[in-house]
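S.K.: Model the following, please.
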Amino acid sequence: MKVGIPKEITAEERRVAATPETVGKMIKKGFEVLVQSDAGEESFISNNDYEKAGATIRTNAASLYSEADIILKVQKPTQNKEEGKHEVQMAKEGSVVIAFLQPATNLDLIQQMSSKKISAFSMELIPRITRAQNMDALSSMANIAGYKSVIEAANAFSKFFPLLMTAAGTVTPAKVLILGAGVAGLQAIATAKRLGAVVQAFDTRPIVKEQVESLGADFIDMGVTHEEAQDSGGYAKELSKEFYQKEKEVIHKNVKNSDIIITTAQIPGKPAPLLITEEMVKDMKPGSVIVDLAVEQGGNCALSEVGKVVTKYGVTIIGKVNVPSLLSVHASQLYARNLANLLFHLFPKQDAILNLEDEITSSSLVTHEGKVRYPPT
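M.R.: Numbering: from 1, shown residues only. Next up, the predicted model:
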């Protein structure tokens with residue numbers, strides 16, 4: 001079977017779906033690997049690096065798609081301006097596509113792939129179970145986003161992070177508030193603590209309290225039960241209107257005293273919850289910073305703008321998109337490993353037939369044999 005690695009064409013995407021490391025592993029498993037010329041350029045991987053690992057370079061997307069039985073991507077298929085064709089149109093009928101497909105918001109794309117009998121797997125849908133941990137690209141990328149969010153905040157902040165005792169007097173540490181203690185939030189806590197800040201964290205799920213405190217942060221407890229706050233997949237659930245009103249009051253109180261806020265709260269398949277209102281931003285100290293990691297899903301802050309850094313009421317609000325791509329080298333390394341692990345699970349042998357009874361396969365499979373399977377059946 002031939003595996004194709006096209007160059008990513010979505011704006012601001014610097015990652016690539018395979019590295020020389022994973023190319024070597026695929027070849028050892030018996031796959032033939034085709035890589036589009038300069039696919040790894042933004043992650044500082046040359047064509048020569050891929051060739052040394054055993055890959056064959058294809059000069060353009062059309063030739064790669066026409067040959068590949070399996071396409072590994074970062075971003076969902078889209079219109080290729082250079083070729084004048086959509087990537088789905090270029091793909092072989094009955095081929096396999098694995099990428100971040102965002103099926104809930106790209107139903108037309110899903111229908112396109114179904115019409116071409118493509119077996120499409122979405123990396124967002126990998127189940128959070130023990131044996132799928134090494135395929136969990138959401139966690140890998142969230143880890144990077146959490147780290148980078150604090151670095152972005154520190155860069156925009158006009159003060160030190162740590163406590164400093166100097167000849168000219170004492171400098172007090174920055175106060176950082178993390179909203180959402182999933183993978184991104186926990187990494188943000190750890191990074192802010194390493195930089196010397198005083199850190200508080202808020203999450204609706206009480207189960208994360210121990211993790212937050214183990215990293216040296218104070219946990220803001222809302223007093224809800226585990227069953228109320230978290231679904232079977234480990235993600236936050238929607239709660240009552242009364243709860244959200246109480247939540248806003250608690251957040252507002254803590255926002256006033258914070259220098260930096262990192263927001264990471266998201267609900268799979270739904271718009272991100274609004275946690276910071278315009279009124280809260282008005283009450284923040286001038287020079288404060290907000291980094292909204294949920295901006296692409298509607299944002300946790302009412303004033304954040306997609307892809308922009310804005311200043312409102314003296315507060316810098318960072319709404320950068322695709323934050324993991326800013327660290328393209330390590331993001332590509334981790335994502336490529338997640339993809340390769342999923343590929344080897346789906347096709348343990350070259351002639352393997354997809355096992356639709358397997359939880360990992362069935363949960364992440366969006367289209368197959370001309371049928372749309374999303375939501376998972």
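S.K.: can you count the residues close to the residue nearest to residue 325 when sequence neighbours are not counted?
M.R.: With sequence-adjacent residues excluded and distances taken as C-beta to C-beta, 6 or more residues apart in numbering, residue 325 is closest to residue 14, at 4.6 Å. C-beta here means a position set from N, CA and C on the backbone, and glycine is covered the same way. Residues within reach of residue 14, counting by other C-beta atoms under 10 Å, total 20.
S.K.: which residues touch residue 14?
M.R.: Contact partners of residue 14, counting by C-beta atoms under 8 Å, 6 or more residues apart in numbering, are 8, 42-43, 325-326, 328, 331.
S.K.: Selection in PyMOL covering whichever of those residues are buried, please.
M.R.: Typed into PyMOL, the next command selects the buried ones out of these (criterion: 16 or more other C-beta atoms under 10 Å):
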select buried, resi 8+42+43+325+328+331
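S.K.: Could you export the contacts of residue 14 as JSON lines, including secondary structure and pLDDT?
M.R.: Shown next, in JSON lines, are those (DSSP: H, G, I helix; E, B strand; the rest coil; pLDDT from 0 to 100):
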{"residue": "8", "secondary structure": "coil", "pLDDT": "98"}
{"residue": "42", "secondary structure": "helix", "pLDDT": "97"}
{"residue": "43", "secondary structure": "helix", "pLDDT": "98"}
{"residue": "325", "secondary structure": "helix", "pLDDT": "97"}
{"residue": "326", "secondary structure": "helix", "pLDDT": "97"}
{"residue": "328", "secondary structure": "helix", "pLDDT": "98"}
{"residue": "331", "secondary structure": "helix", "pLDDT": "98"}
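S.K.: TSV for the contacts of residue 14, including distance to residue 83?
M.R.: Formatted as TSV, these follow (distance: C-beta to C-beta, whole Å):
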residue	distance to residue 83
8	14
42	19
43	22
325	23
326	28
328	24
331	26
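S.K.: Relative to residue 74, which of the contacts of residue 14 is nearest.
M.R.: residue 8 (5.4 Å; C-beta to C-beta).
S.K.: pretty sure that closest one contacts residue 39?
M.R.: Yes - the pair residue 8 / residue 39 is scored as a contact, 7.5 Å apart, by C-beta atoms under 8 Å.
S.K.: how close does residue 36 sit to residue 97?
M.R.: Using C-beta to C-beta, to the nearest Å, one gets 15 Å for the distance from residue 36 to residue 97.
S.K.: where are the low-confidence patches of this protein?
M.R.: Counting by pLDDT under 70, the chain has low-confidence residues at 223-240, 376-377.
S.K.: any idea which residue sits dead centre in the chain?
M.R.: residue 141 (4.3 Å; C-alpha atoms, centre = their mean).
S.K.: dump the residue contacts of the nearest residue to that residue once chain neighbours are set aside.
M.R.: Computed as C-beta to C-beta, 6+ apart, the closest residue to residue 141 that is not its neighbour in sequence is residue 324, at 4.3 Å. Residues in contact with residue 324, defined by C-beta under 8 Å, 6+ apart, are 15, 141, 144-145, 148, 331, 335.
S.K.: My guess is residue 193 contacts residue 216. True?
M.R.: Yes - counting by C-beta under 8 Å, residue 193 does reach residue 216; the two are 4.8 Å apart.
S.K.: Overlap of the contact sets of these two?
M.R.: Any residue near both residue 193 and residue 216 by C-beta under 8 Å, 6+ apart counts here, and that gives residue 199.
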